[in-house]
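[1] any chance you could fold what I've pasted below:
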Amino acid sequence: MKRQIYEELLASHKDRIYSHALYSLRDAHDAEDVTQEVFLKLWDRYESIDPEKVGGWLTRVTHNLCIDHSRRRKAQRNNFGHPDHEAVDTLVAVRGGLGDPEQNLLLSQRQAALLDALETLTPETRSVMIMHYFQDMKLHEIGSALDKSVSALKVQIHRARKSLRLVLTNVAETPPQAQRGTG
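    Residues are numbered from 1 along each chain as shown. Model (predicted):
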(Lines give C-alpha, C1' and ligand atoms only; values in the text may rest on other atoms or scores of the structure.)
Protein backbone atom coordinates (compact mmCIF):
# COMPACT_ATOMS: atom_id res chain seq x y z
CA MET A 1 0.00 0.00 0.00
CA LYS A 2 1.24 3.46 -0.77
CA ARG A 3 1.94 5.55 2.29
CA GLN A 4 -0.14 8.46 0.97
CA ILE A 5 -3.25 6.30 0.53
CA TYR A 6 -2.80 4.83 4.00
CA GLU A 7 -2.43 8.27 5.58
CA GLU A 8 -5.58 9.48 3.79
CA LEU A 9 -7.55 6.47 5.01
CA LEU A 10 -6.19 6.92 8.51
CA ALA A 11 -7.13 10.60 8.57
CA SER A 12 -10.64 10.03 7.25
CA HIS A 13 -11.57 7.02 9.43
CA LYS A 14 -9.55 7.19 12.67
CA ASP A 15 -12.05 9.28 14.67
CA ARG A 16 -14.99 7.04 13.75
CA ILE A 17 -13.03 3.88 14.55
CA TYR A 18 -11.77 5.25 17.86
CA SER A 19 -15.21 6.50 18.96
CA HIS A 20 -16.76 3.13 18.08
CA ALA A 21 -14.13 1.34 20.15
CA LEU A 22 -14.46 3.82 23.02
CA TYR A 23 -18.24 3.51 23.19
CA SER A 24 -17.99 -0.27 22.97
CA LEU A 25 -15.19 -0.81 25.46
CA ARG A 26 -15.60 2.27 27.70
CA ASP A 27 -11.87 2.45 28.24
CA ALA A 28 -9.65 4.95 26.44
CA HIS A 29 -6.52 2.76 26.51
CA ASP A 30 -8.37 -0.27 25.17
CA ALA A 31 -10.00 1.88 22.48
CA GLU A 32 -6.58 3.18 21.43
CA ASP A 33 -5.24 -0.37 21.27
CA VAL A 34 -8.17 -1.56 19.15
CA THR A 35 -7.87 1.46 16.84
CA GLN A 36 -4.18 0.79 16.36
CA GLU A 37 -4.82 -2.89 15.70
CA VAL A 38 -7.52 -2.04 13.12
CA PHE A 39 -5.14 0.16 11.17
CA LEU A 40 -2.33 -2.39 11.40
CA LYS A 41 -4.69 -4.94 9.86
CA LEU A 42 -5.55 -2.41 7.16
CA TRP A 43 -1.86 -1.95 6.38
CA ASP A 44 -1.31 -5.72 6.18
CA ARG A 45 -4.41 -6.57 4.16
CA TYR A 46 -5.09 -3.52 2.02
CA GLU A 47 -4.28 -5.29 -1.26
CA SER A 48 -7.08 -7.81 -0.66
CA ILE A 49 -9.73 -5.17 0.22
CA ASP A 50 -12.03 -3.62 -2.37
CA PRO A 51 -11.11 0.11 -2.25
CA GLU A 52 -14.79 1.07 -2.42
CA LYS A 53 -15.55 -1.03 0.68
CA VAL A 54 -12.73 0.06 2.96
CA GLY A 55 -15.13 1.89 5.33
CA GLY A 56 -17.28 -1.20 5.78
CA TRP A 57 -14.23 -3.39 6.20
CA LEU A 58 -12.86 -1.09 8.91
CA THR A 59 -16.23 -1.11 10.69
CA ARG A 60 -16.40 -4.90 10.62
CA VAL A 61 -12.84 -5.29 11.91
CA THR A 62 -13.47 -2.74 14.68
CA HIS A 63 -16.70 -4.51 15.65
CA ASN A 64 -15.01 -7.91 15.77
CA LEU A 65 -11.97 -6.67 17.70
CA CYS A 66 -14.19 -4.95 20.28
CA ILE A 67 -16.15 -8.15 20.78
CA ASP A 68 -12.93 -10.17 21.08
CA HIS A 69 -11.50 -7.66 23.53
CA SER A 70 -14.69 -7.70 25.64
CA ARG A 71 -14.63 -11.49 25.77
CA ARG A 72 -10.97 -11.56 26.79
CA ARG A 73 -11.55 -8.95 29.47
CA LYS A 74 -14.53 -10.85 30.84
CA ALA A 75 -12.62 -14.15 30.76
CA GLN A 76 -9.65 -12.72 32.63
CA ARG A 77 -11.86 -11.71 35.58
CA ASN A 78 -9.21 -9.51 37.08
CA ASN A 79 -9.43 -5.92 38.21
CA PHE A 80 -6.73 -4.42 36.04
CA GLY A 81 -9.01 -2.99 33.35
CA HIS A 82 -11.87 -0.94 34.73
CA PRO A 83 -14.03 0.95 32.23
CA ASP A 84 -12.86 4.53 31.84
CA HIS A 85 -16.20 6.28 32.32
CA GLU A 86 -14.59 9.72 32.25
CA ALA A 87 -13.27 9.17 28.73
CA VAL A 88 -16.71 8.17 27.44
CA ASP A 89 -18.37 11.04 29.32
CA THR A 90 -15.89 13.46 27.75
CA LEU A 91 -16.61 12.11 24.28
CA VAL A 92 -20.36 12.38 24.81
CA ALA A 93 -20.08 15.88 26.29
CA VAL A 94 -17.99 17.13 23.37
CA ARG A 95 -20.53 15.72 20.95
CA GLY A 96 -23.57 17.44 22.43
CA GLY A 97 -22.67 20.24 24.84
CA LEU A 98 -25.41 22.80 25.48
CA GLY A 99 -24.99 26.33 26.80
CA ASP A 100 -27.30 25.94 29.83
CA PRO A 101 -25.55 24.29 32.84
CA GLU A 102 -28.80 22.74 34.11
CA GLN A 103 -29.45 21.24 30.69
CA ASN A 104 -25.87 19.96 30.61
CA LEU A 105 -26.31 18.26 34.00
CA LEU A 106 -29.59 16.64 32.95
CA LEU A 107 -28.07 15.57 29.63
CA SER A 108 -24.99 14.23 31.42
CA GLN A 109 -27.13 12.16 33.81
CA ARG A 110 -29.19 10.74 30.95
CA GLN A 111 -26.07 9.93 28.95
CA ALA A 112 -24.48 8.19 31.94
CA ALA A 113 -27.63 6.13 32.51
CA LEU A 114 -27.80 5.19 28.84
CA LEU A 115 -24.12 4.22 28.69
CA ASP A 116 -24.55 2.09 31.82
CA ALA A 117 -27.65 0.47 30.31
CA LEU A 118 -25.73 -0.31 27.11
CA GLU A 119 -23.36 -2.40 29.25
CA THR A 120 -26.24 -4.84 29.85
CA LEU A 121 -26.35 -5.75 26.14
CA THR A 122 -24.17 -8.35 24.49
CA PRO A 123 -21.02 -6.89 22.95
CA GLU A 124 -22.33 -7.50 19.42
CA THR A 125 -25.70 -5.84 20.08
CA ARG A 126 -24.03 -2.94 21.91
CA SER A 127 -21.78 -2.46 18.89
CA VAL A 128 -24.75 -2.39 16.50
CA MET A 129 -26.53 0.17 18.70
CA ILE A 130 -23.41 2.34 18.81
CA MET A 131 -23.02 2.22 15.05
CA HIS A 132 -26.67 3.09 14.44
CA TYR A 133 -27.39 5.66 17.15
CA PHE A 134 -24.04 7.17 18.08
CA GLN A 135 -22.30 7.05 14.71
CA ASP A 136 -25.44 7.64 12.62
CA MET A 137 -24.77 4.67 10.35
CA LYS A 138 -27.67 3.49 8.19
CA LEU A 139 -28.90 -0.06 8.63
CA HIS A 140 -27.74 -1.08 5.15
CA GLU A 141 -24.23 0.20 5.97
CA ILE A 142 -24.15 -1.77 9.21
CA GLY A 143 -25.55 -4.82 7.45
CA SER A 144 -22.92 -4.59 4.75
CA ALA A 145 -20.13 -4.19 7.31
CA LEU A 146 -21.32 -7.06 9.51
CA ASP A 147 -22.70 -9.30 6.78
CA LYS A 148 -26.22 -9.18 8.25
CA SER A 149 -29.55 -8.49 6.64
CA VAL A 150 -31.35 -5.24 7.36
CA SER A 151 -34.32 -7.18 8.73
CA ALA A 152 -32.06 -9.06 11.18
CA LEU A 153 -30.60 -5.76 12.32
CA LYS A 154 -34.08 -4.29 12.79
CA VAL A 155 -35.02 -7.20 15.03
CA GLN A 156 -31.75 -6.92 16.97
CA ILE A 157 -32.23 -3.17 17.48
CA HIS A 158 -35.89 -3.62 18.45
CA ARG A 159 -34.96 -6.19 21.10
CA ALA A 160 -32.09 -4.05 22.35
CA ARG A 161 -34.32 -0.98 22.66
CA LYS A 162 -36.87 -3.05 24.57
CA SER A 163 -34.14 -4.30 26.92
CA LEU A 164 -32.69 -0.81 27.37
CA ARG A 165 -36.14 0.61 28.08
CA LEU A 166 -36.64 -2.00 30.82
CA VAL A 167 -33.22 -1.30 32.36
CA LEU A 168 -33.68 2.47 32.24
CA THR A 169 -37.18 2.20 33.73
CA ASN A 170 -35.80 0.13 36.60
CA VAL A 171 -33.03 2.67 37.19
CA ALA A 172 -35.53 5.54 37.20
CA GLU A 173 -37.74 3.74 39.73
CA THR A 174 -34.85 2.83 42.08
CA PRO A 175 -34.34 5.31 44.92
CA PRO A 176 -31.07 7.28 44.64
CA GLN A 177 -29.63 5.75 47.85
CA ALA A 178 -30.13 2.23 46.46
CA GLN A 179 -28.47 3.20 43.16
CA ARG A 180 -25.33 4.31 45.01
CA GLY A 181 -25.40 1.27 47.26
CA THR A 182 -25.70 3.33 50.45
CA GLY A 183 -29.31 2.53 51.19
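[2] what ranges do the helices span in the protein?
    Under the criterion DSSP state H, the chain contains helices at 3-25, 28-45, 54-76, 85-96, 101-118, 123-129, 139-146, 150-173, 176-180.
[3] including mean neighbour count and mean pLDDT, could these go into a markdown table?
    Every residue, glycine included, has its C-beta placed from N, CA and C. Compiled in a markdown table, these are given as follows (neighbours: other C-beta atoms under 10 Å; pLDDT from 0 to 100):
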| stretch | mean neighbour count | mean pLDDT |
| --- | --- | --- |
| helix 3-25 | 17 | 89 |
| helix 28-45 | 17 | 92 |
| helix 54-76 | 18 | 84 |
| helix 85-96 | 14 | 52 |
| helix 101-118 | 14 | 70 |
| helix 123-129 | 21 | 88 |
| helix 139-146 | 18 | 89 |
| helix 150-173 | 13 | 88 |
| helix 176-180 | 10 | 51 |
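[4] skipping adjacent residues, who's closest to residue 154 in space?
    Nearest in space to residue 154, with sequence neighbours left out and distances taken as C-beta to C-beta, 6 or more residues apart in numbering, is residue 139 at 6.8 Å.
[5] contacts only, for that neighbour.
    132, 150, 153, 154 (C-beta atoms under 8 Å, 6 or more residues apart in numbering).
[6] now for the third one: which residues touch it?
    So that's residue 153. Contacts of residue 153 (C-beta under 8 Å, 6+ apart): 128, 132, 139, 142, 143, 146.
[7] tell me who's in contact with the last one.
    What that stands for is residue 146. 59, 60, 63, 128, 153.
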